[in-house]
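Asks: Dropping the sequence and predicted coords here.
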Amino acid sequence: MPPLEDQTFPSTPGKFKIERAHTMNRQLYRCFASTSTMFLWALFLIALTASYLSFQGFVDSGSRYLSASWGGIQWEKQVRTSAQIHRQGGMSVLVTGAAGFVGSHVSLALKRRGDGVVGLDNFNDYYDPSLKKARKSLLNTHEVFIVEGDVNDAKLLAKLFDVVAFTHVMHLAAQAGVRYAMENPQSYVHSNIAGLVTLLETCKSANPQPAIVWASSSSVYGLNEKVPFSESDRTDQPASLYAATKKAGEEITHTYNHIYGLSITGLRFFTVYGPWGRPDMAYFSFTRNILQGKPITVYRGKNHVDLARDFTYIDDIVKGCLGSLDTAGQSTGSGGKKRGPAPYRIFNLGNTSPVTVPTLVSILERHLKVKAKRNIVDMPGNGDVPFTHANISSARREFGYKPTTDLQTGLKKFVKWYLSYYGYNHGKSVN
Ligand SMILES: O=C(O)[C@H]1O[C@H](OP(=O)(O)OP(=O)(O)OC[C@H]2O[C@@H](n3ccc(=O)[nH]c3=O)[C@H](O)[C@@H]2O)[C@H](O)[C@@H](O)[C@H]1O
């Protein structure tokens, strides 16, 4: 039996060490009684360490290989080819959210006029990812390569800037949707705040730094009642977490402009709609339900006042995006250091003619030739605002922005696309 003091927990660490040392000495003496045994043990330990290290190396490279959906010579070639500029004075643009609604349209428009475009998208399932895959296929046929990845992946972003010296970033990747923010608040912080900062960190360190144009939102006007909404109006009363993250984005981009000399343009989009749109938006889900004979819920504001939106057609928004890129001016910093002041701009991109939600439904009924089953309910406190209305004189002055599509015409084009994509007797599998 060992002495009692060896069995119980020591009263001080020092005592423990002394007692343990005695015990270990006795064991060492027994084990390494002869020098030849010690030599063999040393050899054994060296061999063991070497095989452990090479096994770790194998595991590391294996997991890198398995988890990487990007990288490699072939991948870099695709990125470079997609980024190639085919016009005099053209730009090479990294478009985040390229498989999204606005992202896919902007990518196509840039490519068509000869600019280099590389897309980035995480293909999340906020809405039916098969629609995003279909947009990706469309872009592929126009030689736009979309990298599958998240804007929070700093290594991927750094790699992309290693491969291509992007002149511009069109940042459209975001968690969209006003009401969904109550269900999944963290996804807004992840994409609209953390993701934005990761992207800005990459851009600030890039040499040369790109100019950045990114999607803010009309929702930043929140409870503002002064109409039409001008960029100088107050934006400190957001009505939803979505709006709050977009407003935060405006402040965050301002600091990167101020400290690092990044050229920044924020675009406040007003309820963008059109072909290849987002299934979570009202005009899209109403269309699906009307065709399926299901009821639609139409929200109504205080005192039974109809809600209204400055619905803006996608082609007008695309023109606004391209105009912003063309006039962005250069970032002035390099290697994370500012060399002089750079442009910081914010523009409304709206249509300037709000339409009520019941009118939107009536237009859809006409185009679909089907009567909607309207379920009218008071607007729940879910982050919605009663109306939006853009003053677009700044964008008009700066790059000639002039929307030309009214809701009637735009919805006609949307319905035509919807029916060609899903068919009449369809929609059942759409999310
Ligand atoms: O401009 C923006 O920055 C935002 O535009 C868009 O938000 P919203 O203007 O809220 O569009 P959308 O959901 O189509 O609802 C339209 C109207 O239908 C009403 N609405 C909606 C759903 C419903 O079931 N019933 C209903 O009446 C509803 O109350 C509202 O009055 C983008 O989704 C958002 O990502 C952001 O980009």
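Replies: It's in.

Asks: Doesn't N303 belong to a strand?
Replies: No - secondary structure assignment (DSSP: H, G, I helix; E, B strand; the rest coil) places N303 in helix, not in a strand.

Asks: How many residues are close by it?
Replies: The tally of other residues near N303 (other CB atoms under 10 Å) stands at 5. C-beta: built from backbone N, CA, C; applies to glycine.

Asks: any idea how far it lies from M379?
Replies: Separation of N303 from M379 (CB to CB, to the nearest Å): 11 Å.

Asks: Where does pLDDT dip in the stretch 51-200 of the chain?
Replies: Of all residues in the stretch 51-200 of the chain, those with pLDDT under 70 make up the ranges 51-68.

Asks: mind checking which helix or strand the residue in it that the ligand sits nearest to is in?
Replies: Nearest residue of the stretch 51-200 of the chain to the ligand: A176, at 3.6 Å (CB to the nearest ligand atom). Counting by DSSP states H and E, no helix or strand carries A176.

Asks: Now it: closest residue in space, sequence neighbours ignored.
Replies: The spatially closest residue to A176, leaving aside those adjacent along the chain, is R278, at 6.7 Å (CB to CB, 6 or more residues apart in numbering).

Asks: What about that neighbour, how many residues nearby?
Replies: Burial measure for R278: 20 neighbouring residues, criterion other CB under 10 Å.

Asks: State the helix or strand in which it lies.
Replies: In this structure, R278 is located outside every helix and strand according to DSSP H and E.

Asks: Quick one: residues contacting it.
Replies: 100-101, 127, 176, 284 (CB atoms under 8 Å, 6 or more residues apart in numbering).

Asks: can you rerun that using 10 Å?
Replies: For R278, the contact set (CB atoms under 10 Å, 6 or more residues apart in numbering) comprises 100-102, 126-128, 131, 176-177, 272, 284-285.

Asks: Please convert these to CSV, extending it with secondary structure.
Replies: As requested, the contacts of R278 are exported to CSV (three-state DSSP):
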residue, secondary structure
G100, coil
F101, helix
V102, helix
Y126, coil
Y127, coil
D128, coil
L131, helix
A176, coil
G177, coil
V272, strand
F284, helix
S285, helix
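
Asks: confidence score at G381?
Replies: If you check G381, the pLDDT there is 89.

Asks: I'd guessed it sits against G301; true?
Replies: No - taking contacts as CB atoms under 10 Å, G381 lies outside contact range of G301: 11.9 Å.

Asks: These two: which has the busier surroundings?
Replies: For the pair G381 and G301, the greater number of neighbours falls to G301 (17 against 8), based on other CB under 10 Å.

Asks: what about the residue lying closest to the more buried one once chain neighbours are set aside, neighbour count?
Replies: Taking CB to CB, 6+ apart, and ignoring the residues beside it in sequence, G301 has P386 as its nearest neighbour in space, at 4.4 Å. Per other CB under 10 Å, the neighbour tally for P386 reads 17.

Asks: Repeat that for P341.
Replies: Residues near P341, counting by other CB under 10 Å, number 11.

Asks: residues touching it, list them.
Replies: For P341, the residues meeting the contact criterion (CB under 10 Å, 6+ apart) are 257-258, 261, 263, 332.

Asks: Assign the spatially most central residue of the chain to helix, strand or coil.
Replies: The centre of the chain sits closest to A173, judged by CA atoms, centre = their mean, with a distance of 2.2 Å. Under three-state DSSP, A173 falls in the coil class.

Asks: ok, it - contacts?
Replies: With contact taken as CB under 10 Å, 6+ apart, A173 is in contact with 95-100, 103, 119-122, 124, 149-152, 191-192, 195-196, 199, 214-215.
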